[in-house]
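Peer 1: Give me the fold of what follows.
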Amino acid sequence: MAKKVNNRGVKAGNVHFSIKKDKNYPKKFKKIVPEPYISTGYFSFINRLSRIDGIRPFTIAGLAVLFGFLNSYHQATMFENDRHFSHLSSLEREMTFRTEMGLYYFYYKALTESHSLLDGLSGIMNDNLTEYPSVINTLERFTLYPEVILAASYRNIQTFSDIFNVSLKECWQVLRGDDLPPIESCEGVGDPAYFYVTTVFLINGLVGSLIFIFGIILSDSLSGGILAAVCFFFNHGECTRVQWTPPLRESFGYPVFLLQMMLVSLLLKCQRPFFSHSVFIAIPTLLFMLSWQFAQFALLTQLLVLFGLYILNFIPNLTFKYILRGHVISLFLAIFFLFGNKMLIASFYTSTLLVCYVILSFEELFKKLNSPIVIMILKVLLLIFGCILIKLLSNAILHVEDDTHIWSILKSKFTSYKDFHTMLYTCAVEFDFLPIETITELIKTLVLPTVAITVGVILFLIIHIRLNSFELFGYSDILYNIFQCLAFFVMAALVMRLKLFFTPHLCLLASLSLSGKFFRFLDKNELRLFVMVGLLGFMSIQGISNIKYQRNIIGEFSNPDLEELISWVNSTLPEDAVFAGPMPTMANVLLSTRRPIVNHPHYENAQLRERTRKVYQIFSRKPVIEVYNTLQEMKINYIILERSWCFGKRREGCGMVDIWDIEDPINKDQESVCQKLVRNPYPFRKVFRNSLYTVLQIGKSSDKQILKSKLDLR
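Peer 2: Predicted coordinates for the structure are as follows:
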């Protein structure tokens, strides 16, 4: 083995136009209608691209590959700069995957290390380690199909490597300093962690390519696609966090959702849609739902935007029907592949989709009313009451409570409502309101002012034409993306984490500023080029600074306390020892020790939320004996305390004790359990401690000594 010495510094872990001729209509507005806009019955995408700015499709393909490569490279190098991932041991690499990331990577690891892929699938479909003692199907609960595909790919690469005797990784010995033992570090796709993150960054390279192509489609201009892609890079820090959190579901879900929205936009341009178009939409929609549990909410906004355009007569009935068919196909397939996921079946997305399809099916009956306003109001009322009725019925029949926390979070955003589960969410920065700093950054790069002015002009033109009784099916793709971006803004304003939908779509809308459909003076390619260069020049003043700032983030992962804890568990405790504790730590315990845990960071399940509430009594002010007995009843052997959770400073009102004071006001004046256990761990038994973690052992339920101390410990 080659020896590679690296004195690492230690850092704390962390449509078509159908325009009626009107003699009274001013001729100048007729010029707005571009002849090439009318499309054939199929996606004439290649033909359209071949006419754009005189550029051939292979040139566009080359630029798309370039933007995709740049995005992938940019994210991969930021990830490496931040963690020095190439010089970490296998254990350290696993420790970098905190919270949900560790949970998802655990199943990938299990699939790669199993005797066969089928054995691994059987194991994760009958898993009793994640929510001990319950046995759960993790494919149904956690949307793990990305891990299944990655694990299968990795195993195939390993088989290829073994057959042809090709080495796919190179290993080194790294000296860490600070009295830490040397470790072995391997680079190359032959290492499972390296293969995982490399694949994630390659997949997300598609975002750069898709934004470029999507920008071309919206603006009918190559320069529009370039502007959208460059805006994405200038605002990269506000568009994505894949470079910091590769295993999160958004890393797999958003690229296919972006592709799906692009295909929907293409279908809205189409004059004569066919069933094949529904299939084109169904495929990425299905992949989106199999990749991310949040997909149902993003797709719900799409349905609502399209329904709004439909009742306003901006979308032809037939086009809307084929889009809905694509959604229906993907929904039924997703329910099948997710083993009848009840949260998806009983979702507002499902009920909205069904009601929209029913309303569209009775379109001929609505036309008999002869009053557009009455028809519009009736359709809206049917949608609202139909969705609520189906949702209530499905919840009652299937006994679904998994999504109740979402409505509690929304309730807490507009009222003073608070409960234990809601505060765990809202106290996290990513679930707070969109900070004003984000808006400021978007203004500095000029993307927000550019889009605001462009969209304002476009909406003015469309409304002006509408008032003159023109049909506007030809602008349906533009209107869809404008209002879809508005829906994303509402989502991001309420939950900062969701700005990953809003900011990239804002960059897409920037491409409209170079659209000849609305700005006829840009028909000359030379002028369009000058405008693009001018815009990019002003945007680059702040944009290049943003890119430099990202690439200057230099760090190195090291968490010796967590490493010591995991090493102690692996070397000391039996494989059936059951753990509980803070959710982020539990993910690492499961990943790196394979010991059973009773709670974990995937909080979208009602029973799991109740389990976590019971475990977190260790941070409350309840009587110690009551907490002890509760944990004992849950068959927990060891509870992990993280000192920062007991004594660390948090945002005002967001400490664990503060949350419990609202949840359990009766014991508000008592000393916290954590503080008591620091002085005297009885009836627990302290078995491990370092500067950050303490492990307490819980005796068996037959331990009679506990009963003697009930009054003393209160």
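Peer 1: Now for residue 654, how many residues are close by?
Peer 2: Counted with other C-beta atoms under 10 Å, the neighbours of residue 654 add up to 14. The C-beta positions use only the backbone N, C-alpha and C, and glycine is treated the same way.
Peer 1: How about residue 456?
Peer 2: 10.
Peer 1: ok, it - contacts?
Peer 2: Taking C-beta atoms under 8 Å, 6 or more residues apart in numbering, we find residue 456 in contact with no residue.
Peer 1: would you say it is within a helix?
Peer 2: Yes. Counting by DSSP: H, G, I helix; E, B strand; the rest coil, residue 456 falls inside a helix.
Peer 1: Next one: it from residue 509, what distance?
Peer 2: Relative to residue 509, residue 456 is positioned 11 Å away (C-beta to C-beta, to the nearest Å).
Peer 1: before we move on, what about residue 457?
Peer 2: 12 Å.
Peer 1: and these two? which has more neighbours close in?
Peer 2: Ranked by neighbour count (other C-beta under 10 Å), residue 457 and residue 509 place residue 509 first, with 25 against 14.
Peer 1: Which helix or which strand is home to the more buried one?
Peer 2: Element membership for residue 509 (DSSP states H and E) is helix 499-510.
Peer 1: for that helix, which positions count as buried?
Peer 2: Going by neighbour count (16 or more other C-beta atoms under 10 Å), the buried part of helix 499-510 is 499-510.
Peer 1: tell me which of those residues is nearest to residue 401?
Peer 2: Proximity of the buried residues of helix 499-510 to residue 401 (C-beta to C-beta) peaks at residue 501, which lies at 26.3 Å.
Peer 1: How about that closest one: what's its closest non-neighbour residue?
Peer 2: Setting aside the residues directly before and after it, residue 501 is nearest to residue 488 in space (C-beta to C-beta, 6 or more residues apart in numbering), at 4.1 Å.
Peer 1: Likewise for residue 491?
Peer 2: Residue 491 sits nearest to residue 498 (C-beta to C-beta, 6+ apart), 4.3 Å away.
Peer 1: residue contacts, that neighbour?
Peer 2: Per C-beta under 8 Å, 6+ apart, neighbours of residue 498: 488, 491-492.
Peer 1: Now the buried members of the residues you listed.
Peer 2: 488, 491-492.
Peer 1: Poorly predicted segments of this structure, please.
Peer 2: Scanning the chain for pLDDT under 70 picks out the ranges 1-55, 177-178, 469-472, 525, 700-714.
Peer 1: In it, which residue is most central in space?
Peer 2: residue 250 (2.8 Å; C-alpha atoms, centre = their mean).
Peer 1: Secondary structure class of residue 695, three-state.
Peer 2: Going by three-state DSSP: residue 695 is strand.
Peer 1: Distance check, the closest residue to it other than its chain neighbours against residue 568.
Peer 2: Once flanking residues are discounted, residue 695 sits nearest to residue 688: 3.9 Å by C-beta to C-beta, 6+ apart. Using C-beta to C-beta, one gets 6 Å for the distance from residue 688 to residue 568.
Peer 1: Need the residues touching each of the two.
Peer 2: In contact with both residue 688 and residue 568: residue 695, using C-beta under 8 Å, 6+ apart.
Peer 1: I'd like the buried ones among the contacts of residue 498 as a markdown table, with secondary structure and distance to residue 616 appended.
Peer 2: Formatted as a markdown table, the buried ones among the contacts of residue 498 follow (DSSP: H, G, I helix; E, B strand; the rest coil; distance: C-beta to C-beta, whole Å):
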| residue | secondary structure | distance to residue 616 |
| --- | --- | --- |
| 488 | helix | 33 |
| 491 | helix | 28 |
| 492 | helix | 29 |
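Peer 1: tell me the contacts of residue 694?
Peer 2: Counting by C-beta under 8 Å, 6+ apart, the residues that residue 694 touches are 640-641, 643, 677, 686, 688.
Peer 1: What subset of these is buried?
Peer 2: 640-641, 643, 677, 688.
Peer 1: Inside helices: which ones of those residues?
Peer 2: Of the buried ones among the contacts of residue 694, the ones assigned to helices by DSSP state H are 643, 677.
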